[in-house]
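Engineer: Got a predicted structure plus its sequence, pasted below:
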Amino acid sequence: MVFPFFVSSQVFPILTANMSTAKPAMKSPRKVSLNSGPTKPESGLLEGREPRDRHQVKVPVGIMPSSPARSGRAKCSKTSLLLGTLPMLLMGACRNEVPEEEDTAAPPEVSSHVDTTQIVGTISAMNGVQGSPSPLNSGSASLVSRYRDAEIPIVRIPVGDGPRYALSGVFPDASAPTDDPESYDFAAIDYSLSGIIDSGAEPLWQATYDIGSTDEWEMGCFHRGYAPQDLEIWAQVVKHVLMHFNEGWADGYDWNVRYVESLNEPFKAGLYERSDYMDVWLAYQAMAVAVQEYNAEYGRDVKVVGHSNPVSLNTGPDDGPNSDIWLLDDFLTFITANDVPFDIFSYHQYGDYYEQWETAVTVREHLDAAGFEDTPIWNTEWNTKGFDSQDTATASAYFASHNAQTKTMWQDLVEQAFIYRASQRPIGEDQFGWSFCDDIFYLAIDATPRPAYYGWLVFRDMEAMTPNRLAVDPIDSNKVTFLAGSSDTGQQLSVLLSYWAMESSADLETDYYVYVDGLEPGSIWWAELRTVEASTTDYEARSQQFLTADEGGTIMLTGTMSPWKIHYWYLVLTN
């Protein structure tokens, strides 16, 4: 899906409860400024601690704990909505009030409290990506090591990779027998999946689009396809592809591919008309039943993911098939009436962080109302809207701050999310040279990390080292979002502040004060501050200092932020 350019400069701010413009009372602990930085602690200070500090100790791939399955959205109450995620959750989260718009100017300062004694959930990194790390262009470098270092957990393919990697290329002759290995060309898709496996991630494979060399490039670097013409034959091809991936069929592998998603955006790139929505549901059913039969035959537990369609709240349920929400409800009704396998709900969206949050809340409500309270939500293609900038580093920082805010707001709503896009797409025959076709906002063509790549590392570390999400007071700001966590022992803490807006200027700069409460009075903490902004080229700490909790058990963190920046604080107890 293309990043559409901005059609409006409007930001969607949200009011918070108990907003205050008064300067926060100063606490006695010392502040940590961005530029301050004493020497690191003596090595003996951390002896005896569990070596989970990824910034000091290399953490092997595979020890990152996986996020537990979601059991449904938290109940709508003021108590349960203090999730340590949003600066604005106390308004609008139950969808019984529409947040009012507010002046887009930044407040002079923002403040908040972290309660280290109250764990309200777990932190989910949601670091899924679109695009194999295997280079698809001759001039592109392998991204395998970058994916591995970021511990990317799951990678979605082959949407955007072109016809060779989709079913159109895998089964090029629709009239060929489906049980004959000679009918298949697995070279391209095997190459793509092998890079994912080598990186330590697992694939989300999309069964898209029709078989028989029907897919095509549109406008140079956008891949589209057609509706399956024979669902029975198409479904058998899906089953045999899984056999190749997992059972060694046709000189295949034992990759244990565990997720299969239905047709990508069937009403857009899949070229269905909206009036053909029942045909889309029937195609999903054919795929889901084929996967179910494969599981029964081979003792696997491959999950079925769908409906892989964009969801927008711009139209109302009464608009019928023109409404994404109407289509969602009709899909769920079809699934229920026909007892179709349905493990994970997937959807797509591009938009600002508030639109992303509001849509996720709405999707959760509709799933719950249809009886799918335990069905997790995956956003399998998402990002902000396009950013027209000649400066790649600035654009990358723009994406980084938006992505961090959105994932902060999705905690407890979205189980996994796949950013579009991490790797460069193949260049089609009619490449028009559009900047966003280059896909270089996260990793350059030569695999050099862009600023947004370091945003992945922040969420990687928060999920791995401080997975217990802490309660926070709402920040009195309509721009800055906030996430805090602790380790299982409570001896490591993290605080993440993200600041995104559609535009950035010096007038939007703001100071912040974060009071970390509930600590042992007199406890000494080693505090490191990492930032992600346009100038970021590494993951080194920008500020380091010892902090001592005051007699009330509080430490204060402070700094200055402007839009398109992330501040990530990491604290380790030393005594």
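Structural biologist: Received, thanks. Numbering: from 1, shown residues only.
Engineer: how many neighbours does the residue nearest to residue 548 when sequence neighbours are not counted have?
Structural biologist: Of all residues not flanking residue 548 in the chain, residue 524 sits nearest, at 5.3 Å (C-beta to C-beta, 6 or more residues apart in numbering). C-betas here are computed from N, CA, C, even on glycine. By other C-beta atoms under 10 Å, 16 other residues sit near residue 524.
Engineer: quick one, phi psi at residue 394?
Structural biologist: phi -60, psi -40 (degrees, to the nearest 10).
Engineer: again with the one 5 residues further on
Structural biologist: Backbone dihedrals for residue 399, given as degrees, to the nearest 10, come out at phi -70, psi -40.
Engineer: Looks like it contacts residue 385 (just checking).
Structural biologist: No. Using C-beta atoms under 8 Å, residue 399 is not in contact with residue 385, being 10.5 Å away.
Engineer: okay, these two: which has more neighbours?
Structural biologist: It is residue 399, of residue 399 and residue 385, that has more neighbours when counted by other C-beta under 10 Å, with 22 against 16.
Engineer: Next one: the more buried one, what pLDDT does it get?
Structural biologist: Per-residue pLDDT puts residue 399 at 96.
Engineer: same deal with residue 90?
Structural biologist: Among the per-residue scores, residue 90 shows a pLDDT of 25.
Engineer: For this protein, just list every one of the helices.
Structural biologist: Counting by DSSP state H, the segments of the chain that form helices are 144-150, 167-170, 187-198, 231-247, 277-298, 324-338, 353-369, 392-410, 451-465.
Engineer: need those in JSON lines with distance to residue 264, can you?
Structural biologist: Formatted as JSON lines, the helices of the chain follow (distance: least, C-beta to C-beta, whole Å):
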{"stretch": "helix 144-150", "distance to residue 264": "21"}
{"stretch": "helix 167-170", "distance to residue 264": "11"}
{"stretch": "helix 187-198", "distance to residue 264": "15"}
{"stretch": "helix 231-247", "distance to residue 264": "14"}
{"stretch": "helix 277-298", "distance to residue 264": "11"}
{"stretch": "helix 324-338", "distance to residue 264": "15"}
{"stretch": "helix 353-369", "distance to residue 264": "18"}
{"stretch": "helix 392-410", "distance to residue 264": "21"}
{"stretch": "helix 451-465", "distance to residue 264": "23"}
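Engineer: among the ones you listed, which is nearest residue 569?
Structural biologist: helix 451-465 (10.4 Å; C-beta to C-beta).
Engineer: How about residue 117, nearest residue that isn't a chain neighbour?
Structural biologist: What sits nearest to residue 117 in space, not counting adjacent residues and going by C-beta to C-beta, 6+ apart, is residue 518, at 4.0 Å.
Engineer: and the one you found, what is it in contact with?
Structural biologist: Residue 518 sits next to 114, 115, 116, 117, 118, 553 when contact means C-beta atoms under 8 Å, 6 or more residues apart in numbering.
Engineer: Could you identify the most distant pair in these?
Structural biologist: 118 and 553 (13.6 Å).
Engineer: For this structure, which element, helix or strand, carries the lowest mean pLDDT?
Structural biologist: When each helix and strand of the chain is scored by mean pLDDT, DSSP states H and E, strand 216-218 comes last, with a mean of 80.
Engineer: distance of the most centrally placed residue in the chain from residue 406?
Structural biologist: With the centre of the chain defined as its mean C-alpha position, the nearest residue by C-alpha atoms, centre = their mean is residue 417, 3.4 Å away. Using C-beta to C-beta, to the nearest Å, residue 417 is found at 8 Å from residue 406.
Engineer: Which neighbours do those two have in common?
Structural biologist: residue 382.
Engineer: quick revisit: out of the helices of the chain, which is closest to residue 309?
Structural biologist: Among the helices of the chain, the nearest to residue 309 by C-beta to C-beta is helix 324-338 (6.6 Å).
Engineer: Buried residues in the closest one, which are they?
Structural biologist: By neighbour count on 16 or more other C-beta atoms under 10 Å, the buried set for helix 324-338 is 324, 325, 326, 327, 328, 330, 331, 332, 334, 335.
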